[in-house]
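[1] Fold the following, please.
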Amino acid sequence: MKIERAASVPLIVHDPYFSIWSGGDHLNDCDTSHWSGARQAVRGYVVIDETPYCFMGDPEFSQTIGQTGLSVTPTSTEYQFENEWITMQVRFTSPLLLDDLLLVSRPCTYLDVTVSRKKPAGVRVVFAFSSDLVKFTDGPVNGDVQQTEKFHYGVMGKAFQTPLGHSGDHTTIDWGYLYLAGRGPEARFAYDSEKERLDGIIELGTESESGGIVAAYDDLVSINYFGQWRKAYWTKEYPTIFDAIGASLDEREDVLKKSEALDRSLTERAREMGGEDYELLCCLSYRQAVAAHKLIEDEDGNLIFLSKENDSNGCIGTADVSYPSVPLFLMYSTDYIKGMLLPVFRFASCDVWEYDFAPHDVGRYPYAWGQVYGLNPEKKGKQYLQANGAVFPPYYQYPPCDVYDLKFQMPVEECGNMLIMTAACCEIDKNAEFAKPYQGLLKTWTEYLLTYGADPGEQLCTDDFAGHLAHNTNLAVKAIMGIKAYARILELLGDDSESMRYRSQAAAMAAVWETTARGKGHTALTFGDTDSWSLKYNLVWDRFFGDPLFSGDIISGDLAWYVEKCGEYGTPLDSRSSYTKSDWILWCASMAGDKEMFQALTAPVAAYVRETESRVPFSDWYDTVSGRYCHFIARSVQGGIYMPMFMERFKK
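    Okay, the predicted model is just below:
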């Protein structure tokens, strides 16, 4: 869709490290950057009869070509430019097609240029990639230009490679190699060792109208998964990056057609549901949500889909970050959700996890080898890691992994998340085979919710930035939904009597909740405080699983209240503050009774994206009054923007 402005525009996005964005109103207003804000300059110049004009980055360049338009779809971003000589379109396509695991993993973005000449002229387009893309710390960078039997390419990377050499949040990659590749005489490449810059050059001459290259990144090793160094999923099909690039070039036309088909399908449906506002949100969230993950396989060939908790603490495989993201991925395949769940099940089965509630995470990206959230800083043992065969690089600072501070755990939250996500997979699969091996854990977590979920004590929930909160009514809803989810798993397993027992207990809890959570025309934030209120996004699963436990007037009353409390940039998360979470607003909007109410809730979120001063990739936590982001950038949780579409597809 055509847009005039967005907080930040996705350009080349594949995973938490290979992720390049533009935060300017025009592509040449500022240099491009990594999602974290770190400079990762990719500059673009169109040379017309040997006179260069800048169209991308390099804001100090003396001569530019005017930008006349911008279009963003789920898989592509296209800019339009024009001067007295030419009109030009530059398109970036990262084909993260969720119905194709290989394309989701293959780290290849198409950079395509189309030119129409107003006057006869020779045209050359140059993309200049800086060494920012291949290093986080100081060190010499090498580059080269070569060719295979099938294509020409340029390559750039650090001279001294330390795969998986660091871990954290606001970090970029410090290992691996960037490649630019193309075919035919129009594609040329050059490496400048003094500037540490790799150029991709598209020679259009005096007649050619279009050309393109591929930008790819080989990270060598992607994840340390419980002591094993695992490569990206694409290496299952392609022995080397050259095979992956070659396939990308071979399949270019077919992949671009498939990308356009996906774009049409999603944008048309979004527009029907919520107009241009909802279409915009879907276009800006799709690549971001997918690219906040890394796709690998474990040693048994199971698909593992690991998120990075961007701009938070860098955790990997966080259960309460997976939870809000699942609507987008469930629309295509339950394999993605299973790939989120398996690491948590694995860690929860380890001796080090001694608790009767579910873990929060499985490490800090790119190390998935045990929860780091809530660790006691006074205990720094490595016993768990060593016992599970972890191989320690000498430059890694070992996290404390044996003792946790319980006040920083999320017991009800994570139990509910794991149960609901597991049951959603089983519901869509129409069988519970996936849940069978973990039935012991699932039952333990369900029993925890029965004991502590009806009126949670002072603890954290997924909105942990708001602090500890006792008597959290929305957290109690999650507990009830978790128990209902387990009952559904048992039903699919054929255990009808146990299923009915747990469902009856969930129903009894829901009946008490309706009495004790009622406020003044809405439900309360906490039991007993009738003036307070909050977004009850967890109620959406009552509709998804069918045979609702909560009465319709509870939901309709709250939705009307959310519309009444909606500010210029959205409805606040709760009565304590003016900030909100965009994903939760969309979850609530998915329960709206009509299109007018749906648009009343979603349009202000779109206004935030269009108007905010915060030039960061789609933030899910921002202030509804000022329109400034609070924290959280480029997170996978924006897969929750697709909850309305998901609910429509799987409505009972």
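
[2] how much space between the closest residue to Asp429 other than its chain neighbours and Phe650?
    Using Cβ to Cβ, 6 or more residues apart in numbering and skipping residues adjacent in sequence, the residue nearest Asp429 is Thr334, 5.6 Å away. For glycine as for every other residue, the C-beta is placed from the backbone atoms N, C-alpha and C. Applying Cβ to Cβ, to the nearest Å, the value for Thr334 to Phe650 is 11 Å.

[3] cool, and Arg188?
    Computed as Cβ to Cβ, the Arg188 to Phe650 distance reads 50 Å.

[4] In terms of packing, which of the two has more residues around it?
    Neighbours were counted for Arg188 and for Phe650 using other Cβ atoms under 10 Å; Arg188 has more, 19 against 15.

[5] Backbone dihedrals for Ala506, please?
    phi -60, psi -40 (degrees, to the nearest 10).

[6] hang on, isn't it packed against Ile483?
    Yes: contact criterion Cβ atoms under 8 Å: Ala506 and Ile483 qualify, at 4.1 Å.

[7] Which one's more surrounded, the two?
    A side-by-side neighbour count of Ala506 and Ile483, using other Cβ under 10 Å, places Ile483 first with 29 against 25.

[8] can you pull the pLDDT of that one?
    Listed pLDDT for Ile483 reads 98.

[9] other SSEs contacting the helix or strand containing it?
    In the assignment (DSSP states H and E), Ile483 maps to helix 473-492. For helix 473-492, the packing partners by 3 or more Cβ pairs under 8 Å, 6 or more residues apart in numbering; DSSP states H and E come out as helix 411-429, helix 439-452, helix 496-516, helix 540-544.

[10] If we use 6 Å, what do you get?
    Using 3 or more Cβ pairs under 6 Å, 6 or more residues apart in numbering; DSSP states H and E, the elements in contact with helix 473-492 are helix 411-429, helix 439-452, helix 496-516.

[11] which of those is buried the deepest?
    Highest mean neighbour count among the helices and strands packed on helix 473-492 (mean count of other Cβ atoms under 10 Å): helix 411-429, with a mean of 26.

[12] Can you list the neighbours in contact with that one?
    Applying Cβ atoms under 6 Å, 6 or more residues apart in numbering, the contact partners of helix 411-429 are 319-320, 323, 326, 334, 337-338, 341, 357-358, 360, 432, 434-435, 445, 448-449, 453, 456, 461-462, 475, 478-479, 481-482, 485-486, 488-489, 492, 541.

[13] how much does that helix deviate in direction from helix 473-492?
    Using axes from the mean of the first three to the mean of the last three Cα atoms, to 10 degrees, the direction of helix 411-429 lies 40 degrees away from that of helix 473-492.

[14] Compute the inter-axis angle for helix 411-429 and helix 439-452.
    Between helix 411-429 and helix 439-452, the angle comes out at 130 degrees (the same axes, to 10 degrees).

[15] Output helix 411-429 in PDB, but only the C-alpha positions, please.
    Output of helix 411-429 as PDB, limited to C-alpha atoms (Å, rounded to 0.1, in the frame of the first residue of the first chain):
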ATOM      1  CA  PRO A 411       4.400 -18.300  37.400                       C
ATOM      2  CA  VAL A 412       0.800 -17.800  36.500                       C
ATOM      3  CA  GLU A 413       1.700 -16.000  33.300                       C
ATOM      4  CA  GLU A 414       4.000 -18.600  31.800                       C
ATOM      5  CA  CYS A 415       1.900 -21.600  32.800                       C
ATOM      6  CA  GLY A 416      -1.000 -20.000  31.100                       C
ATOM      7  CA  ASN A 417       1.000 -19.100  28.000                       C
ATOM      8  CA  MET A 418       2.400 -22.600  27.600                       C
ATOM      9  CA  LEU A 419      -0.900 -24.300  28.100                       C
ATOM     10  CA  ILE A 420      -2.800 -22.000  25.700                       C
ATOM     11  CA  MET A 421      -0.200 -22.100  22.900                       C
ATOM     12  CA  THR A 422       0.000 -25.900  23.200                       C
ATOM     13  CA  ALA A 423      -3.800 -26.300  23.100                       C
ATOM     14  CA  ALA A 424      -4.000 -23.800  20.100                       C
ATOM     15  CA  CYS A 425      -1.700 -26.000  18.100                       C
ATOM     16  CA  CYS A 426      -3.700 -29.100  19.000                       C
ATOM     17  CA  GLU A 427      -7.000 -27.400  18.200                       C
ATOM     18  CA  ILE A 428      -5.800 -26.400  14.700                       C
ATOM     19  CA  ASP A 429      -4.200 -29.800  14.100                       C
END
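
[16] Tell me where the model's unsure across the stretch 451-600 of the chain.
    Within the stretch 451-600 of the chain, no range satisfies pLDDT under 70.

[17] for Cys108, what are its contacts?
    Cys108 makes contact with 214, 216, 248, according to Cβ under 6 Å, 6+ apart.

[18] in the sheet, who's paired with it?
    Note on Cys108: beta-bridge partners Ala216, judged by DSSP bridges.

[19] related to what we said a few turns ago, give me the neighbour count for the residue nearest to Asp429.
    20.

[20] out of the contacts of Cys108, which is most surrounded?
    Most neighbours among the contacts of Cys108, by other Cβ under 10 Å: Val214, with 26 neighbours.

[21] Now do the contacts for that residue.
    Taking Cβ under 6 Å, 6+ apart as the contact definition, Val214 lies against 108, 181, 245, 248.

[22] So which of those belong to helices?
    Mapping those onto helices (DSSP state H) picks out 245, 248.

[23] Check whether Gly44 sits in a helix, strand or coil.
    strand (DSSP: H, G, I helix; E, B strand; the rest coil).

[24] Pull the contacting residues for it.
    Listed by Cβ under 6 Å, 6+ apart, the contact set of Gly44 reads 55-56, 127.

[25] and which of those residues is nearest to Val145?
    Using Cβ to Cβ, Phe127 comes nearest to Val145 of these, at 14.3 Å.

[26] For Val42, see how far away the nearest residue to the closest one once chain neighbours are set aside is.
    Ranked by Cβ to Cβ, 6+ apart and with sequence neighbours excluded, the top spatial neighbour of Phe127 is Gly200, at 4.4 Å. Distance of Gly200 to Val42, computed by Cβ to Cβ: 10 Å.

[27] Quickly list what's touching both of these two.
    The overlap between the contact sets of Gly200 and Val42 (Cβ under 6 Å, 6+ apart) is empty.

[28] I'd guess Asp112 is in a helix, am I close?
    No: when three-state DSSP is applied, Asp112 is found to be strand, with no helix at that position.

[29] list the contacts for the spatially closest residue to it that is not a sequence neighbour?
    Leaving aside its chain neighbours, Asp112 sits nearest to Gly212 (3.9 Å; criterion: Cβ to Cβ, 6+ apart). Residues in contact with Gly212 (Cβ under 6 Å, 6+ apart) are 110-112.
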